[in-house]
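> got a sequence here, can you model it:
(2 chains)
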Amino acid sequence: EVHLVESGGGLVQPGGSLRLSCAASGFTLSSYWMSWVRQAPGKGLEWVAHIKPDGSEKFYVDSVKGRFTISRDNAKNSLYLRMDSLRAEDTAVYYCVRNGIVITFGGAPYWGQGTLVSVSS
Amino acid sequence: QSALTQPASVSGSPGQSITIFCTGTSSDVGGYNSVSWFQQHPGKAPKLLIYDVTKRPSRISNRFSGSKSGNTASLTISGLQAEDEADYYCSSYTTTSTSLYVFGSGTTVTVL
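Here you go, the predicted model:
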């Protein structure tokens, strides 16, 4: 059974940094595109970043470019999101998401439970 | 990166059918068969209902169906049940965003 478990969220001051982790199990991580999706309180969903199965390509929404870095360690069955220069508007629940083997097909069938990041002084 | 357009709310009575529309452009919904639909109950993670426009994961009820015409995708819920009351989001691959995918603005479904 596929499981995705996020950790690393918490309260951080504006300008601060945080690293989210996602522990994956029940499937071969190295075969799948992985993503981070966030949801601000009371708001809709937003794709934040995607990473190719081998980690060779990464894609970001404009609002986090240059501040966030998605990475993965397939040997450790883990996905990461390094977040620097955090702003109040980054406050959200962050979800780890498993996509398909090909990014354009298969949808996003598996989601973690989410971890809350709060940016406030 | 503009979100795909969805109605803010849709309502229906138990047993009825409702349809939620998701409008994009030829650079996203209209150009690719990479449209998905998600259901989200309060405080829960989103759940995939439909992928690749019309496909349904095995664990999802056949009361949920998807289609697309031009730049607009749609999700139909037939035989509406109380448990269908939730937020629904569409998502599409896009070439107008460096983030590869974009979500719709979300639709709240109310069962009367």
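
> now the residue of chain A found nearest chain B. Nearest residue, chain neighbours left out?
Closest residue of chain A to chain B, CB to the nearest CB: residue A:107 (2.7 Å). Any C-beta I mention is one placed from the backbone N, CA and C, and that applies to glycine too. Closest residue to residue A:107 apart from its sequence neighbours, by CB to CB, 6 or more residues apart in numbering or on different chains: residue B:51 at 2.7 Å.

> again with residue A:2
residue A:26 is the one closest to residue A:2 (CB to CB, 6+ apart), at 4.2 Å.

> where's the one you found relative to residue A:94, distance?
The spacing between residue A:26 and residue A:94, counted by CB to CB, to the nearest Å, is 21 Å.

> equivalent analysis for residue A:80, please.
In terms of CB to CB, residue A:80 sits 11 Å off from residue A:94.

> these two: who's more crowded?
Between residue A:80 and residue A:94, counting by other CB atoms under 10 Å in any protein chain shown, residue A:94 is the more crowded of the two (23 against 19).

> are the helix or strand encompassing the more buried one and chain B in contact anywhere?
Assigned by DSSP states H and E, residue A:94 belongs to strand A:92-98. Yes: using CB under 8 Å from any CB of the partner chain, we find that strand A:92-98 touches chain B at residue A:95.

> strands paired with that strand, and their directions?
Applying DSSP bridges to the sheet, strand A:92-98 is found paired with strand A:34-39 (antiparallel), strand A:110-111 (antiparallel), strand A:115-119 (antiparallel).

> got the contact list for the residue in chain B that chain A sits nearest to?
Chain A sits closest to residue B:51 of chain B, with a gap of 2.7 Å, by CB to the nearest CB. Listed by CB atoms under 8 Å, 6 or more residues apart in numbering or on different chains, the contact set of residue B:51 reads A:105, A:106, A:107, A:108, A:109, B:35, B:36, B:57.

> name the nearest residue to the first one, sequence neighbours excluded.
Excluding the flanking residues, the one nearest residue A:105 by CB to CB, 6+ apart is residue B:52, at 5.7 Å.

> does that neighbour really touch residue A:107, like I thought?
Yes: Residue B:52 lies in contact with residue A:107 (CB atoms under 8 Å); the separation is 6.7 Å.
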